[in-house]
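Engineer: no sequence for this one, just the structure:
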């Protein structure tokens, strides 16, 4: 536990920045790895690049929690990338995913929209619906729903990556949702929670997760319970709690396979880099 506290403190004091990649680093870190990378192509005389750089650095610090790399490549030093990836203006942002075609980002060069776009393309943003209308609220709180449900309430209108990752990974066995005070149906969501169990909806700087489930220790009692979590290690708690209420989902230990499969690159252009 102390280890995780120290790691979190260090991460807050020394936030991660996007790494500047050279040609060799790009080939090995991006093209030949199983890791997703968000890359900003830039030039030294590009004013918009200078404005976007700190936003991209903020992305790097956020995306490290879900294993997505963030990097930069100078087209002044490596002009061959312009032809290989049809980069005709800067800054240009692209998402490189293992064994898939790269995607070009088209939008504001600010942290929030870039983060949302990355998560939607990498993790499947539709797995975490936002409770903005009556229909979505009713679907989430439906009495006929048998799956465990995880609802996150937050003061900020942004879904944290660890929650999105959990919802994406367990999308076949749980239902997730998100709401914030800016949504028109927020008070309806609060009332729905109180109708299930008389919980104290306390304001908090941290997002609060409400796990709505049937107690697993008493199969005869079908009344829904609500468990509340409002601390820092979101993904760890979600996973541990999920395995408690869905024991069959806990992964089994499988002996490693020594056979190594060879990976192929996305397209022939990459061989020229």
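Structural biologist: Thanks, I have it. Quantities reported herein were computed from a predicted structural model and do not represent experimental measurements.
Engineer: quick one: the strands in this structure?
Structural biologist: Using DSSP state E, the strands of the chain run over 19-20, 37-42, 69-74, 92-96, 103-104, 149-153, 175-179, 208-213, 225-229.
Engineer: so which of the ones you listed gets nearest residue 49?
Structural biologist: strand 37-42 (3.8 Å; CB to CB). All C-beta spots, glycine's among them, are computed from the backbone N, C-alpha and C.
Engineer: what pLDDT, on average, does the closest one get?
Structural biologist: In this model, strand 37-42 carries a mean pLDDT of 96.
Engineer: Need the contact partners of it.
Structural biologist: Applying CB atoms under 8 Å, 6 or more residues apart in numbering, the contact partners of strand 37-42 are 18, 21, 26, 29-30, 49, 52-53, 56, 59, 63, 68-75, 81-82, 85, 87, 90-96, 105, 114, 118.
Engineer: what pairs with that strand, and is each one parallel or antiparallel?
Structural biologist: Here strand 37-42 has these sheet partners by DSSP bridges: strand 69-74 (parallel), strand 92-96 (antiparallel).
Engineer: how about low-confidence regions in the stretch 51-200 of the chain?
Structural biologist: Scanning the stretch 51-200 of the chain for pLDDT under 70 picks out 65, 123-127.
Engineer: For residue 173, see how far away residue 200 is.
Structural biologist: 28 Å (CB to CB, to the nearest Å).
Engineer: In terms of neighbours, single out the busier of those two.
Structural biologist: Legend: neighbour count by other CB atoms under 10 Å for residue 200 and residue 173, higher for residue 173 (12 against 6).
Engineer: wouldn't residue 70 be in contact with residue 53 here?
Structural biologist: No. Counting by CB atoms under 8 Å, residue 70 stays clear of residue 53, with 11.2 Å between them.
Engineer: Mutual contacts of the two, please.
Structural biologist: Common neighbours of residue 70 and residue 53 (CB under 8 Å, 6+ apart) are 18, 40.
Engineer: For those two, indicate the residue with more neighbours.
Structural biologist: Shown here are residue 70 and residue 53; by other CB under 10 Å, residue 70 has more neighbours (25 against 18).
Engineer: Setting aside sequence neighbours, what's the nearest residue to the more buried one?
Structural biologist: Taking CB to CB, 6 or more residues apart in numbering, and ignoring the residues beside it in sequence, residue 70 has residue 60 as its nearest neighbour in space, at 3.7 Å.
Engineer: same deal with residue 117?
Structural biologist: residue 105 is the one closest to residue 117 (CB to CB, 6+ apart), at 5.8 Å.
Engineer: Contacts only, for the one you found.
Structural biologist: 38, 92, 93, 94, 95, 114, 117.
Engineer: Then residue 121?
Structural biologist: Neighbour list for residue 121: 95, 97, 103 [criterion: CB under 8 Å, 6+ apart].
Engineer: out of those, which are buried?
Structural biologist: Neighbour-count burial (16 or more other CB atoms under 10 Å) is assigned, among the contacts of residue 121, to 95, 97, 103.
Engineer: would you turn the residues you listed into TSV with distance to residue 208?
Structural biologist: Below are the buried ones among the contacts of residue 121 laid out as TSV (distance: CB to CB, whole Å):
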residue	distance to residue 208
95	31
97	32
103	33
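Engineer: Spatially central, which residue of the protein would that be?
Structural biologist: Residue closest to the mean C-alpha point of the chain, counted by CA atoms, centre = their mean, is residue 161 at 2.9 Å.
Engineer: That one and residue 122 touch, don't they?
Structural biologist: No. Here residue 161 does not reach residue 122: they are 9.5 Å apart, not a contact under CB under 8 Å.
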